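Engineer: Have a look at this fold, sequence not included:
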């Protein structure tokens, strides 16, 4: 098939949707499909265009058999309605013309967020007579409204209209968890449209590794210590201050370290918080290169998942699959009624504690610190669950089957197209 993937994010962006879309595109190429990707110049998570892509309106690359067609986006570190609007408008308009610069696809695979891009995708679908498979990585505007990111009633109405438009114009909607399915059914999206396919992890790349001679432990003086690791983006829904508060309560344990890995901007705020709280057992480090991710995860005894108590129930952090595959025990400080809690509990690979509760979190960390056999057992069970449920090869087959089901029989009109 000729597959057009439409995504805001792609390689070389190290976290979030980018690695997922990159692995999917390259996996489909290995299965013999012709894949091109419409995406932006790399900008995430630093909110600035990567230096080697600066000053370019359009750029086409071929990496591992995937044709990547990039376009300029307006990006700013300053969070404001104006900057977000310019970001969306620039990508919607410029990416559309990139998408026209190529052969007619058999299917358009559109990933959300963000919502406005559903408009150019629908126009392309009409022009090419090609179905859309909508891939929901988040449900907007629900998530943004729930945490107060969007408050303006007119903006909420606009994004609600875009959401309904996206669902209406898609032939199929792939969702990453049962919480997403429940949300869509409540909005009267036809059950026959919805296909549940979880996000995956490359279990051959992310895997349990020994802690001896571990570069991350050596570089950060962590050898011989019990390490609790949070690695990932820090946005409105991740209350890392709670983890620091828990760390302060564990200051009496000399060989315990709390390590937070994220982007520099977020770490600067946390550093000031650590100084105020006198959290001497917290280490803050910048994101590591992606090829070092398995070894960094292996440096930990426990991996953290953090959510605020007001996080909408369907929110499903992709780091859960990664931590399970790494064979590390998980502590999930998340709402008990949410998708994240259900995923950790089903895996039997971790503990779930109430969100925004430093006492409960400190207690869970100390419990695992005192029970190394439990830590090992949770890690092993999590790894086995990841191999069975989140294995990339297995999920790639599901996506291929979904995309192939969109292909209509060849006829003369198609050949002319």
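Structural biologist: Looks like it came in fine. Keep in mind it's a predicted model, so treat the numbers as computed, not measured. Numbers count the residues shown, from 1 in each chain.
Engineer: what are the ranges of the helices in the stretch 151-300 of the chain?
Structural biologist: In the stretch 151-300 of the chain, the segments counted as helices under DSSP state H, counting those that start in this stretch are 153-169, 178-186, 215-219, 240-249, 264-277, 293-298.
Engineer: Residue 17 is nearest to which of the ones you listed?
Structural biologist: For the helices of the stretch 151-300 of the chain, the distance to residue 17 is smallest for helix 178-186, at 14.9 Å, taking Cβ to Cβ. For glycine as for every other residue, the C-beta is placed from the backbone atoms N, C-alpha and C.
Engineer: Show me what counts as buried in the closest one.
Structural biologist: 179-181, 183-184 (16 or more other Cβ atoms under 10 Å).
Engineer: Find the pair from the residues you listed with maximum spatial separation.
Structural biologist: The distance between the two most remote of the buried residues of helix 178-186 (Cβ to Cβ) is 10.0 Å, for 179 and 184.
Engineer: Out of the helices of the stretch 151-300 of the chain, which gets nearest to residue 335?
Structural biologist: Taking those one by one with Cβ to Cβ, helix 178-186 is closest: 11.1 Å.
Engineer: Report the inter-axis angle for the closest one versus helix 153-169.
Structural biologist: Per axes from the mean of the first three to the mean of the last three Cα atoms, to 10 degrees, the angle that helix 178-186 makes with helix 153-169 is 90 degrees.
Engineer: Could you number the chain from 27 rather than 1 from now on?
Structural biologist: Let's use 27 as the start, then, which means that last one is helix 204-212.
Engineer: Give the other helices and strands that helix 204-212 contacts.
Structural biologist: With contacts taken as 3 or more Cβ pairs under 8 Å, 6 or more residues apart in numbering; DSSP states H and E, helix 204-212 sits against strand 198-201, strand 220-222, helix 365-373.
Engineer: What are the contacting residues of the shortest one?
Structural biologist: Residues lying outside strand 220-222 but in contact with it, judged by Cβ atoms under 8 Å, 6 or more residues apart in numbering, are 198-204, 206-207, 210-211, 428.
Engineer: where in the protein is pLDDT low?
Structural biologist: Of all residues in the chain, those with pLDDT under 70 make up the ranges 173-175, 435-443.
Engineer: How is this structure partitioned into domains?
Structural biologist: 28-226+417-442, 241-415 (automatic domain parsing).
Engineer: Tell me which of those domains lies nearest to residue 233.
Structural biologist: For the domains of the chain, proximity to residue 233 was assessed by Cβ to Cβ; domain 241-415 is nearest, at 6.3 Å.
Engineer: how long is that closest one end to end?
Structural biologist: End-to-end distance for domain 241-415: 30 Å, by Cα to Cα, to the nearest Å.
Engineer: for stretch 281-293, which positions count as buried?
Structural biologist: By 16+ other Cβ under 10 Å, the buried positions in stretch 281-293 come out as 282-289, 292-293.
Engineer: Just the ones of the residues you listed in strands?
Structural biologist: When DSSP state E defines the strands, the subset of the buried residues of stretch 281-293 inside them is 282-288.
Engineer: Can you add distance to residue 77 and give these back as a markdown table?
Structural biologist: Listed next are these as a markdown table, based on distance: Cβ to Cβ, whole Å:
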| residue | distance to residue 77 |
| --- | --- |
| 282 | 38 |
| 283 | 33 |
| 284 | 32 |
| 285 | 28 |
| 286 | 26 |
| 287 | 22 |
| 288 | 21 |
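Engineer: Make a markdown table from the helices and strands packed on helix 204-212 and add mean neighbour count and distance to residue 339 to it.
Structural biologist: Output for the helices and strands packed on helix 204-212, formatted as a markdown table (neighbours: other Cβ atoms under 10 Å; distance: least, Cβ to Cβ, whole Å):
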| stretch | mean neighbour count | distance to residue 339 |
| --- | --- | --- |
| strand 198-201 | 22 | 14 |
| strand 220-222 | 16 | 16 |
| helix 365-373 | 21 | 6 |
